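**Student:** Quick one: sequence plus predicted model below, questions after.
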Amino acid sequence: MLVEDLRTVGDDALRAQVCVIGSGPAGLTVATELAAAGLRVLVLESGGAEIAWDERAFAAIDNVGEPRTEQHRISGNRVLGGSSHTWAGRCGVLDDLDFAPRPWVRESGWPIEANTLAPFADRAAAHAGLGHPGGYTAEEFWPLSGRTAPEDALDPAAFHPYFWQISRDPGNRFDCKRWGAHVRDIVAPTARVLVNATVTHIDTDATGAHVNSVEVTGAGGRVRTVHARLFVLAAGGIDTPRLLLASRRAVTGGIGNRYDQVGRYLMDHRCGVVATLPPSVAGAALDRFGKYVVKGPRGKHTFLHGIALSSALQRRESLVNCALWLQEVPSADDPWDSVKRLLRGRARWRDLRIMAADTGLLLSGARRRLIDGVGIPHRLAGVEVRAMVEQTPNAESRVRLSDRTDPVGMPLPQVDWRVGEQEDRTVRRATALLVDEFARLGLPAPRVVPAAAPHSTDRLPLTDWAHPSGTTRMSADPRHGVVDQHCRVHGVDNLYIAGSSVFPTNGHVNPTLTLITLAVRLADTVRAGVSALPDSSVAQPS
């Protein structure tokens, strides 16, 4: 795929059949799929090939809600490849229950069913750098891995096993996929990417029902116009609603905001340490709930075994979805961290000394990886039990426009993120059940963080996890959301949205694989839409 700079191209390069705004996993998936069908696609990326010196000024937010970690805005990644620049590569799929209306979870329910996404799973897995389209449940994982399930199964009244699959970069087996590094390798003669092209306004007709073009601002503040037939907005959970709200010349309140829904229902995943295990006694727990290497058609891929609350328990106790897993904390002298730095070309003399001093651990780790197909044993400083919990949709948790602006004059997003009691209650209940389950399985007792104890009223040590979702939620009725079941903006005939901002609920699982799957589905929808258009494929300037 051709990558060019806005500053070096003429106006004839600013026309396409489909314009995609954003070069993250969602945007590049849509673009790649459409280009494979022969469509002329133009991707607009605000950043360059690397994080720029002025990233902080562009990535700033006006935060008026719950504290958010800096990681959240870094994950916005104004750079080619978008959020894949800093993601950790952990992938999973939503549970069936996550798509259903749940009387105990307000504003829950998707206008599509879980099986709607099944036909797109294999293509999505390939885009995400995964080896398999499935394997996330016990029923799928154990046959897929060629292993026998443990005889002492989890108590189904409380938990079910969950297996996250870790993305692998095609050019670096020790890293997850970084989309930006591979854009130029995509065989797509009809697609191009323009970097340093910040979209500052979406221009519609007088009614706001049709997008004519978008304005892009480059170096020096020069404003140019991009024309296309169809537009896909894939700018992330914060910047997508921000751009819709800021595009208000023709329609007061912004595009797609007739019912004041744009920017509402901001969700994230709250994540943190709820218990710990001393490394000296954690061996059996790590063997049971650790990492497994599975061979597949795209090579060897790692799965992480954790647990999630059962659907029956969520219904019975009015809880939201939540998962827990064991997180190894390597010590400063862990030889395998030194090996990784060596293979990435970042090793120092200290790393060579660490490896030489601990060849026994390296040899045993190689055997476990190559022969046993399980995770590598690290020298550990500790073992954490981490929880990640779904957020209850809340219309008052939202993104608005700030009075402050970024370097090109765009209003900053004002973020009012809210958290809820139902989430806290779920995490404390899940932690208590995990302690009971470890005792039943004969595993060492985790030391519960005081704030995660059942009757604690202290603030839980949970932070956002850079997974902003829900701000242009999918709905059958335009009064309750921003896009329809095909991800088209309600009331706008040629504007679609890709990314986690369309999620009505977010479950316990990392959003990237689901948003990629939706992006593959969206590409099929857009391709059909373009095919239905007249032969003159590019809108002409008025």
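**Tutor:** On my side now, so go ahead. Numbering: from 1, shown residues only.

**Student:** what's the closest non-adjacent residue to Ala430?
**Tutor:** Closest residue to Ala430 apart from its sequence neighbours, by Cβ to Cβ, 6 or more residues apart in numbering: Cys322 at 4.7 Å. Bear in mind the C-beta positions are built from the backbone N, C-alpha and C, glycine included.

**Student:** Quick check: beta-bridge partners of the one you found?
**Tutor:** On the basis of DSSP bridges, Cys322 is bridged to Val389.

**Student:** OK, contacts around it?
**Tutor:** Ala308, Leu309, Ala387, Met388, Val389, Glu390, Thr426, Val427, Ala430, His508 (Cβ atoms under 8 Å, 6 or more residues apart in numbering).

**Student:** As a markdown table, the residues you listed with neighbour count, pLDDT and distance to Asn172 would be great.
**Tutor:** As requested, those are exported to a markdown table (neighbours: other Cβ atoms under 10 Å; pLDDT from 0 to 100; distance: Cβ to Cβ, whole Å):
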| residue | neighbour count | pLDDT | distance to Asn172 |
| --- | --- | --- | --- |
| Ala308 | 26 | 98 | 30 |
| Leu309 | 27 | 98 | 35 |
| Ala387 | 27 | 98 | 30 |
| Met388 | 24 | 98 | 26 |
| Val389 | 32 | 98 | 32 |
| Glu390 | 28 | 98 | 32 |
| Thr426 | 26 | 98 | 37 |
| Val427 | 25 | 98 | 35 |
| Ala430 | 26 | 98 | 35 |
| His508 | 25 | 98 | 28 |
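
**Student:** tell me which of the residues you listed is nearest to Ile202?
**Tutor:** For those, the closest approach to Ile202 (Cβ to Cβ) belongs to Glu390, at 31.1 Å.

**Student:** tell me the contacts of the closest one?
**Tutor:** Counting by Cβ under 8 Å, 6+ apart, Glu390 has contacts Asp98, Met267, His269, Val320, Asn321, Cys322, Glu423, Thr426, Thr505, Asn506, Gly507, His508.

**Student:** cool, Arg488 as well?
**Tutor:** With Cβ under 8 Å, 6+ apart, Arg488 has these contacts: Leu495, Tyr496, Thr525.

**Student:** Now, these that are in strands?
**Tutor:** Members of the contacts of Arg488 lying in strands (criterion: DSSP state E): Leu495, Tyr496.

**Student:** can the contacts of Arg488 go into a markdown table with extra columns for pLDDT and distance to Glu55?
**Tutor:** Output for the contacts of Arg488, formatted as a markdown table (pLDDT from 0 to 100; distance: Cβ to Cβ, whole Å):
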| residue | pLDDT | distance to Glu55 |
| --- | --- | --- |
| Leu495 | 98 | 27 |
| Tyr496 | 98 | 27 |
| Thr525 | 97 | 33 |
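
**Student:** Just the buried residues of the contacts of Arg488.
**Tutor:** Leu495, Tyr496, Thr525 (16 or more other Cβ atoms under 10 Å).

**Student:** For the nearest residue to Val448 once chain neighbours are set aside, name its beta-bridge partners.
**Tutor:** The shortest distance from Val448 to any non-neighbouring residue, by Cβ to Cβ, 6+ apart, is to Ala275 (4.7 Å). Applying DSSP bridges to Ala275 yields these beta-bridge partners: Val385, Val448.

**Student:** thought Ala275 was touching Ala445?
**Tutor:** No. Ala275 is not in contact with Ala445 according to Cβ atoms under 8 Å; the separation is 9.0 Å.

**Student:** all helices for the protein, in order.
**Tutor:** Secondary structure of the chain (DSSP state H): helices located at 25-36, 55-59, 70-74, 96-99, 121-128, 138-145, 236-246, 283-288, 311-317, 335-343, 349-357, 359-367, 421-440, 512-531.

**Student:** and the shortest one, what does it pack onto?
**Tutor:** Applying 3 or more Cβ pairs under 8 Å, 6 or more residues apart in numbering; DSSP states H and E, we find helix 96-99 packed against helix 311-317.

**Student:** Mind listing what's buried along the helix it packs on?
**Tutor:** For helix 311-317, the neighbour count (16+ other Cβ under 10 Å) marks Ser311, Leu313, Gln314 as buried.

**Student:** Make CSV from those and add distance to Asp185 to it.
**Tutor:** Output for those, formatted as CSV (distance: Cβ to Cβ, whole Å):
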residue, distance to Asp185
Ser311, 41
Leu313, 45
Gln314, 43
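
**Student:** Please identify which of these is nearest to Ser167.
**Tutor:** Using Cβ to Cβ, those come closest to Ser167 at Ser311, 26.8 Å.

**Student:** so who does the nearest residue to Thr514 once chain neighbours are set aside touch?
**Tutor:** Using Cβ to Cβ, 6+ apart and skipping residues adjacent in sequence, the residue nearest Thr514 is Leu94, 5.8 Å away. Leu94 sits next to Ala114, Gly507, Val509, Thr514 when contact means Cβ under 8 Å, 6+ apart.

**Student:** Tell me the one of those nearest Val43?
**Tutor:** Proximity of the contacts of Leu94 to Val43 (Cβ to Cβ) peaks at Thr514, which lies at 21.2 Å.

**Student:** residue boundaries of the strands in the stretch 101-250 of the chain?
**Tutor:** Per DSSP state E, counting those that start in this stretch, the stretch 101-250 of the chain carries strands over the ranges 159-166, 191-195, 198-204, 211-217, 223-227, 230-233.

**Student:** which of these is buried the deepest?
**Tutor:** With neighbours defined by mean count of other Cβ atoms under 10 Å, none of these is more surrounded on average than strand 230-233, at a mean of 28.

**Student:** Now do that strand: everything it contacts.
**Tutor:** Under Cβ under 8 Å, 6+ apart, the answer for strand 230-233 is 17-22, 27, 30, 202, 211, 214, 240, 243-244, 494-498, 522, 526, 529-530.

**Student:** what about that strand, average pLDDT?
**Tutor:** Throughout strand 230-233, pLDDT has a mean value of 98.

**Student:** what about Pro407, how many residues close to it?
**Tutor:** Counted with other Cβ atoms under 10 Å, residues neighbouring Pro407 total 12.

**Student:** Need the residues that contact stretch 210-229.
**Tutor:** By Cβ under 8 Å, 6+ apart, stretch 210-229 touches 6-7, 11, 14-19, 21, 42, 44, 194, 196-205, 231, 255, 408-409, 492-495, 530, 533, 537-542.
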